[in-house]
Every structure is written in structure tokens, then in C-alpha cells.
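Undergrad: Build me a model:
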Amino acid sequence: MNNNEIDKQKLIDAVLSSSGGKIDRKSLTGAVENKNIEPLIKNLSAEDRKKLASAMSDKKSMEALLNSPQAKALLKTFLKGGGKNG
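TA: Okay, here's the model as predicted:
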């Protein structure tokens, strides 16, 4: 297992632990591998989908989210495996 795989597993573990049981490992791993978050979004409650949509539509919220250390770590990990960027 290379460092990218180890980082990805650590990231998946962190997301799972912070999801409060709302996301299962199989769904999250599938979303990462297939680069498709739709199945994860569909599993959210109506309230959580509304919160996500609200946060994504608000520029200040998105900037704050993307500037968080957690988001930066996520982006760094995903971009490492992205071919040209890694």
C-alpha cells in the first residue's frame, strides 16, 4: 500500500468518524473510487441535504469551508491522486 492509499484510508476513517454513523464505509469508499458523491447525498436526511445546499450556495460559507484545515487536507489528498496534479 503506497502513501496515497494510506492517506486516503486515513481520510475515509476521519470522515466516517465525524459522520456520526450517517455514512457507511462501503458507500463512502464507492463514492471516492467512482468520484461520484450522489449516492452519499441521496442518503442524507432532507434536513441535511437542505443544509448542504444552503452552504454550497453561500459564497462566504463555501470559502470558510474550503479554507478549513480539514478541507485543505481533503483536497490535497484527492489532488495527489489526480494524475497531472500529483
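Undergrad: Need phi/psi at residue 37.
TA: Here is the backbone geometry of residue 37 (degrees, to the nearest 10): phi -90, psi 0.
Undergrad: tally of neighbours for it?
TA: Around residue 37 there are 12 other residues, counting by other C-beta atoms under 10 Å. Every C-beta, even on glycine, is put in place using the N, C-alpha and C of the backbone.
Undergrad: Which residues are in contact with the closest residue to it other than its chain neighbours?
TA: Among residues not flanking residue 37 along the chain, residue 31 sits closest, at 5.1 Å (C-beta to C-beta, 6 or more residues apart in numbering). The neighbours of residue 31, taking C-beta atoms under 8 Å, 6 or more residues apart in numbering as the test, are 37, 39, 40.
Undergrad: export those to JSON lines and tack on pLDDT and distance to residue 20?
TA: Listed next are those as JSON lines, based on pLDDT from 0 to 100; distance: C-beta to C-beta, whole Å:
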{"residue": "37", "pLDDT": "83", "distance to residue 20": "18"}
{"residue": "39", "pLDDT": "82", "distance to residue 20": "18"}
{"residue": "40", "pLDDT": "82", "distance to residue 20": "14"}
